[in-house]
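Participant: Sequence and computational prediction follow.
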Amino acid sequence: MISLEYAKALYDLGLETKQTKVFEQELATMLELLKNEETKAFFASYNIANNVKKGLVQKFSFSTLFTNFLCLLIDKDRFFLLEEIEVEFKRLDEEKHHIIHFTIYSPQLLEKERLSKLEKILATKYPHKQIKLLNLQDQDLIGGLKIYKDDEILDLSIIGQLDDLKTILERR
């Protein structure tokens with residue numbers, strides 16, 4: 001994945017220069033600027049010379065290293081990857097700081113006490129990691145939970161358990 005390679009290069013540079021937080025903020029700021037349709041169209045346009053695009057980037061109040069990074073993206077025609085680069089950059093930072101995110105789907109939002117218990121259970125499975133939970137409501141669930149971590153799913157829902165039971169019974 002090309003965006004991962006760019007994110008890794010920027011992250012490694014941030015570690016080396018102790019600017020990872022600065023780069024993270026500058027990525028967020030640049031992406032905020034790109035929410036403006038005119039700005040987005042400006043950087044996406046093939047009718048505008050790269051020198052003009054780089055000239056605009058250099059007028060922003062970003063760090064020199066981040067400005068150079070943006071100019072490199074412009075030169076390599078990879079500026080459109082900026083959003084993916086930010087996602088990968090954050091993932092690298094969380095990995096470095098031993099943070100794991102879980103998304104918990106439940107029929108109703110869970111109480112803080114129940115979330116805290118879940119966090120403790122997950123912490124025993126992932127020692128030396130900081131656990132972050134996001135609880136979302138899924139009204140399609142009758143009961144139970146679905147827990148997502150990256151591309152792993154732990155289905156503890158009633159529907160999931162019934163599907164498992166059905167599969168077992170069909171095998172007999």
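Facilitator: That came through fine.
Participant: quick one, helices of the chain?
Facilitator: For the chain, the helices defined by DSSP state H cover 2-17, 20-33, 37-44, 50-59, 64-75, 82-96, 112-125, 158-171.
Participant: can you count the residues close to residue 130?
Facilitator: Residues contacting residue 130 under the criterion other C-beta atoms under 10 Å number 13. Where C-beta positions appear, they are placed from N, C-alpha and C, glycine not excepted.
Participant: for the one 10 residues further on, same thing?
Facilitator: When counting by other C-beta under 10 Å, one arrives at 10 neighbours for residue 140.
Participant: can you check residue 14 too?
Facilitator: For residue 14, using other C-beta under 10 Å, the count is 22.
Participant: same question, residue 115
Facilitator: Count around residue 115 with other C-beta under 10 Å applied: 16.
Participant: Turn the helices of the chain into TSV, including mean pLDDT and distance to residue 147.
Facilitator: Output for the helices of the chain, formatted as TSV (pLDDT from 0 to 100; distance: least, C-beta to C-beta, whole Å):
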stretch	mean pLDDT	distance to residue 147
helix 2-17	94	25
helix 20-33	95	27
helix 37-44	94	36
helix 50-59	94	41
helix 64-75	96	36
helix 82-96	92	18
helix 112-125	91	8
helix 158-171	86	11
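Participant: who's in contact with stretch 67-76?
Facilitator: Residues from elsewhere that reach stretch 67-76 (C-beta atoms under 8 Å, 6 or more residues apart in numbering): 6, 10, 13, 23, 30, 43, 50, 53-54, 57-58, 60, 62, 78-79, 81-82.
Participant: ok, 7 Å please
Facilitator: The list of residues contacting stretch 67-76 from outside it, by C-beta atoms under 7 Å, 6 or more residues apart in numbering, reads 10, 30, 50, 53-54, 57-58, 79, 82.
Participant: Could you do stretch 44-59 as well?
Facilitator: 42-43, 67, 70-71, 74-75, 80.
Participant: and what of stretch 85-92?
Facilitator: 3-4, 6-8, 10-11, 24, 27, 31.
Participant: One more pass at 6 Å, please.
Facilitator: Outside stretch 85-92, the residues that touch it by C-beta atoms under 6 Å, 6 or more residues apart in numbering are 3-4, 6-7, 11, 27.
Participant: Give me the buried entries from those residues.
Facilitator: Buried by 16 or more other C-beta atoms under 10 Å: 3-4, 6-7, 11, 27, out of the contacts of stretch 85-92.
Participant: what's the span of stretch 119-139 from first residue to last?
Facilitator: 22 Å (C-alpha to C-alpha, to the nearest Å).
Participant: now that stretch, how far from the centre of its chain.
Facilitator: On the basis of C-alpha atoms, centre = their mean, to the nearest Å, stretch 119-139 sits 17 Å off its chain's mean C-alpha point.
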